[in-house]
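In: starting from these lines, generate the structure:
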Amino acid sequence: MMGMSGRGRSAVESATRQAALACIGKLMAFRDGGEREGGGGTATSPSGALAHIADVLAQGDTSEQVWIVDSATPAQETPGRKPRSKAASSSSLPSAIATWFRSATARERPLLYLLHSPTLRGVLMAGVEASGLRAPHQTDPLRRGIFLNDASVWSPDRLQRVRPELPLWLAAQSEWLPYDPASAQELQALLCAALDALYVRGEFGFCYLSAHDMPSTPSPALGPGDAHDAYRGMYRLRTLPDTNPPYVVRLCGAGRALANVLEAARWLQLDWGVACEVWSCPSYTRLAREAGEAERMSMLRADAPADVPHLVRCLGDGRAPVLAVTGYARHIANQIGAFIPARFAALGSDDTDVQGGKDENGESLKTGDAPGVRWIVLNALRLLVNDGMLPRSRIADATRRYGVI
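Out: So this is what the prediction gives:
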């Protein structure tokens, strides 16, 4: 956020800080209690967790401590979206504009804006509303809030898919910090971290969290270290074995694409003997911004000790090639390439199998779909070939094996 990128902070009222801590405590209790959508042990998607989180915060002791704006209308309801409870929906605001006219003595509350928009226009309108918030006795806007959007780039309805310009715009706006959580656990951890950064530590800016609707296998909540690293942009999911494998590649994935990355790591190990270190990267944008800012400051202050950005701390050492995958356009993942000394490649929604290729379910691949498992495997092998670690014939073997011709 702004505090992380040198743009400053503001003092947060004690009541606002306590409200944010109450929300964080409730979310932590919800997480540690092991609640899951549909009951214990049931797979939960980020969008399903989002609906539950909004219901939890809109009821009980936190209902008067947080502003929850829900832009949904009956016309926007879709079969894949989990509806919120009527009690919680009735306590939500239809627009953030309603907060502009609160009394002069009313304190600031944490703002959670629930979006259901695949378009840039919808996000821009919500941003304009949130930009009008002002603290008591202040004329300058507060310009902070948390936006949670359940529109998915993977929607079967093309009209409901996130438009390509939305993630590109978010990546270009220094005031916005976008995240693409891979699981319900990541979404909860990132939301708690955003509440702490904005409303406890007083950073400025808008935190944007996407929430896809693909259920993930139930897993433990992120530990404190992983949660902190996830908010910084990435954390390690799978380490390399201690056996010094001859062939190694580092795979990075974000959002729903992370499931394909994990499966590709399994194929690489079983089919080709390639060991994989796997990283979840909820925010390629934050990683690239922080690394770029560190480079700029090292030039301006050549005599001062250089700050080591989180990306370099994670991937700066080692010569194993790095493949970064996103469900958005390739540019989103490609942002980090300039700061990685090893051989690097990025894949996105504009990368698919060649014409006529099939995905892992036997269905025809189309432009705009995120890279499939076999396409990730082929590109990982290509990196090793280009690094001189594997013979070029291995690519031809792989294309024949997977039916990509």
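In: how about the helices in this protein?
Out: With DSSP state H as the criterion, the chain has helices at 14-32, 46-57, 86-91, 120-131, 165-172, 184-195, 224-232, 257-272, 284-300, 310-315, 330-334, 373-386, 393-402.
In: would you turn these into JSON lines with mean pLDDT?
Out: Converted to JSON lines, the helices of the chain look like this (pLDDT from 0 to 100):
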{"stretch": "helix 14-32", "mean pLDDT": "88"}
{"stretch": "helix 46-57", "mean pLDDT": "90"}
{"stretch": "helix 86-91", "mean pLDDT": "51"}
{"stretch": "helix 120-131", "mean pLDDT": "85"}
{"stretch": "helix 165-172", "mean pLDDT": "95"}
{"stretch": "helix 184-195", "mean pLDDT": "96"}
{"stretch": "helix 224-232", "mean pLDDT": "96"}
{"stretch": "helix 257-272", "mean pLDDT": "95"}
{"stretch": "helix 284-300", "mean pLDDT": "94"}
{"stretch": "helix 310-315", "mean pLDDT": "96"}
{"stretch": "helix 330-334", "mean pLDDT": "96"}
{"stretch": "helix 373-386", "mean pLDDT": "95"}
{"stretch": "helix 393-402", "mean pLDDT": "92"}
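In: how far does stretch 382-390 sit from its chain's centre?
Out: Offset of stretch 382-390 from its chain centre (Cα atoms, centre = their mean, to the nearest Å): 30 Å.
In: er, stretch 321-334 actually
Out: Taking mean C-alpha positions (Cα atoms, centre = their mean), stretch 321-334 and its chain are 13 Å apart.
In: for Val278, find the nearest of the helices of the chain.
Out: Nearest to Val278 among the helices of the chain is helix 257-272; the distance by Cβ to Cβ comes to 5.4 Å. (C-beta placed from N, C-alpha, C; glycine too.)
In: using CSV, write out every CA atom in the closest one.
Out: This file holds the C-alpha atoms of helix 257-272, laid out as CSV (Å, rounded to 0.1, in the frame of the first residue of the first chain):
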residue,chain,number,x,y,z
ALA,A,257,-4.2,-20.8,-12.1
LEU,A,258,-2.2,-22.0,-9.0
ALA,A,259,-4.1,-25.3,-9.2
ASN,A,260,-2.8,-26.0,-12.7
VAL,A,261,0.7,-25.0,-11.5
LEU,A,262,0.6,-27.5,-8.7
GLU,A,263,-0.6,-30.3,-11.0
ALA,A,264,2.1,-29.4,-13.6
ALA,A,265,4.7,-29.7,-10.8
ARG,A,266,3.4,-33.3,-10.2
TRP,A,267,3.6,-34.1,-14.0
LEU,A,268,7.1,-32.7,-14.3
GLN,A,269,8.3,-34.9,-11.4
LEU,A,270,6.6,-38.1,-12.5
ASP,A,271,7.0,-37.8,-16.3
TRP,A,272,10.4,-36.1,-16.6
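In: residues of that helix that come out buried?
Out: Ala257, Leu258, Ala259, Asn260, Val261, Leu262, Glu263, Ala264, Ala265, Trp267, Leu268, Trp272 (16 or more other Cβ atoms under 10 Å).
In: ok, the residue nearest to the last one when sequence neighbours are not counted - contacts?
Out: Beyond its immediate neighbours in the sequence, the residue positioned closest to Trp272 (Cβ to Cβ, 6 or more residues apart in numbering) is Leu381, lying 6.6 Å away. By Cβ atoms under 8 Å, 6 or more residues apart in numbering, the residues touching Leu381 are Leu268, Trp272, Val274, Leu390, Arg394, Ile395, Ala398.
In: the third one: how many residues sit nearby?
Out: Residues near Val274, counting by other Cβ atoms under 10 Å, number 24.
In: is it true that it touches Val249?
Out: Yes: using Cβ atoms under 8 Å, Val274 is in contact with Val249, at 5.8 Å.
In: give me the pLDDT for Phe101.
Out: Turning to Phe101, the model gives it a pLDDT of 51.
In: give me the nearest residue to Ala197, chain neighbours excluded.
Out: The spatially closest residue to Ala197, leaving aside those adjacent along the chain, is Glu203, at 4.8 Å (Cβ to Cβ, 6+ apart).
In: ok, the one you found touching Asp196?
Out: No: applying Cβ under 8 Å as the test, Glu203 and Asp196 come out as separate, 9.3 Å apart.
In: can you give me the mean pLDDT across stretch 66-80?
Out: If you average the pLDDT over stretch 66-80, you get 65.
In: ok, stretch 341-359 next?
Out: Stretch 341-359 comes out at a mean pLDDT of 75.
In: which residues are in contact with stretch 175-183?
Out: With Cβ under 8 Å, 6+ apart, stretch 175-183 has contacts from 1-2, 46, 127, 143, 167, 170-171, 187, 190, 204-211, 216, 219, 253-256, 258-259, 280, 282-283, 285-286, 326-328.
In: and with 6 Å instead?
Out: Outside stretch 175-183, the residues that touch it by Cβ atoms under 6 Å, 6 or more residues apart in numbering are 1, 46, 170, 187, 190, 205-210, 216, 254-255, 258, 280, 282-283, 285-286.
In: quick one: distance of it to the chain centre.
Out: Worked out by Cα atoms, centre = their mean, stretch 175-183 lies 3 Å from the chain centre.
In: and that stretch, which residues are buried?
Out: Buried residues in stretch 175-183 (16+ other Cβ under 10 Å): Trp176, Leu177, Pro178, Tyr179, Asp180, Pro181, Ala182, Ser183.
In: how about stretch 161-169?
Out: Going by neighbour count (16+ other Cβ under 10 Å), the buried part of stretch 161-169 is Arg161, Val162, Arg163, Pro164, Leu166, Pro167.
In: first to last residue in stretch 208-215, what's the distance?
Out: Counting by Cα to Cα, to the nearest Å, you get 20 Å between the two ends of stretch 208-215.
In: distance from the chain centre to it, please.
Out: 8 Å.
In: what mean pLDDT does that stretch get?
Out: Per-residue scores along stretch 208-215 average to 91.
In: who touches that stretch?
Out: Where contact means Cβ under 6 Å, 6+ apart, the residues beyond stretch 208-215 that reach it are 43, 45-47, 50, 80, 147-150, 152, 170, 176, 178-180, 190, 256.
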